[in-house]
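Undergrad: Next one to model:
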Amino acid sequence: MSEDDCTISLETLRQVFNEALDNLEERVGDVVELEEDFFWSIPREARYDPYNAPATERLTLGQLTSSWNTLKRMHATGEHMNEHTLVWAAEILQALGQAKR
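TA: Numbering: from 1, shown residues only. Below is the predicted model of the structure:
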């Protein structure tokens, strides 16, 4: 992978997110209800190792309602957003992107 391939402009990423959310809002309104709640969570080291399938005993369950409630609480209380905040947001975004409509 070249250096340009893995260099992310946060401003461009923010614009992409905003455009994607604007598009979703135009299509479904300002509230989205997800049909699913639980999902498989793959450990980081397995997620980025395409040559070895993760062992099933390494998979854990994640929960969209838990991720969303954590994000809402952090936002409402002004709690410091940490690096894992992006993981919780990504779980929600992935569910939104894969929702049946």
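
Undergrad: Show me what counts as buried in stretch 30-39.
TA: For stretch 30-39, the neighbour count (16 or more other C-beta atoms under 10 Å) marks F39 as buried. Bear in mind the C-beta positions are built from the backbone N, C-alpha and C, glycine included.

Undergrad: what's the span of it from first residue to last?
TA: 24 Å (C-alpha to C-alpha, to the nearest Å).

Undergrad: Identify the residues contacting that stretch?
TA: The contact list for stretch 30-39, computed with C-beta atoms under 8 Å, 6 or more residues apart in numbering, reads 24, 61-65, 91, 95-96, 99-100.

Undergrad: Drop anything exposed from those.
TA: The buried subset of these (16+ other C-beta under 10 Å) comprises 24, 62, 64, 91, 95-96.

Undergrad: Quickly check those residues for the two that are furthest apart.
TA: Farthest-apart pair in those is L24 and G62; separation 21.3 Å (C-beta to C-beta).

Undergrad: For the helix or strand bottoming out on mean pLDDT in the chain, which outside residues touch it?
TA: Here the helix or strand of the chain ranked lowest by mean pLDDT, DSSP states H and E is helix 44-47, holding a mean of 92. Residues from elsewhere that reach helix 44-47 (C-beta under 8 Å, 6+ apart): 52-55, 58.

Undergrad: mind giving me a markdown table with those residues and columns for neighbour count?
TA: As requested, the contacts of helix 44-47 are exported to a markdown table (neighbours: other C-beta atoms under 10 Å):
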| residue | neighbour count |
| --- | --- |
| N52 | 8 |
| A53 | 9 |
| P54 | 14 |
| A55 | 9 |
| R58 | 11 |
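
Undergrad: Now do the residue nearest the centre of the chain, the pLDDT please.
TA: For the chain, A90 is the residue whose C-alpha lies nearest the centre (C-alpha atoms, centre = their mean; 1.0 Å). Looking at A90, its pLDDT reads 96.

Undergrad: Check the gap between it and E79 for me.
TA: A90 sits 18 Å away from E79, going by C-beta to C-beta, to the nearest Å.

Undergrad: same check, this time on L64
TA: According to C-beta to C-beta, L64 and E79 sit 20 Å apart.

Undergrad: Quick check: buried residues in stretch 71-91?
TA: Buried residues in stretch 71-91 (16+ other C-beta under 10 Å): 71, 85, 88-89, 91.
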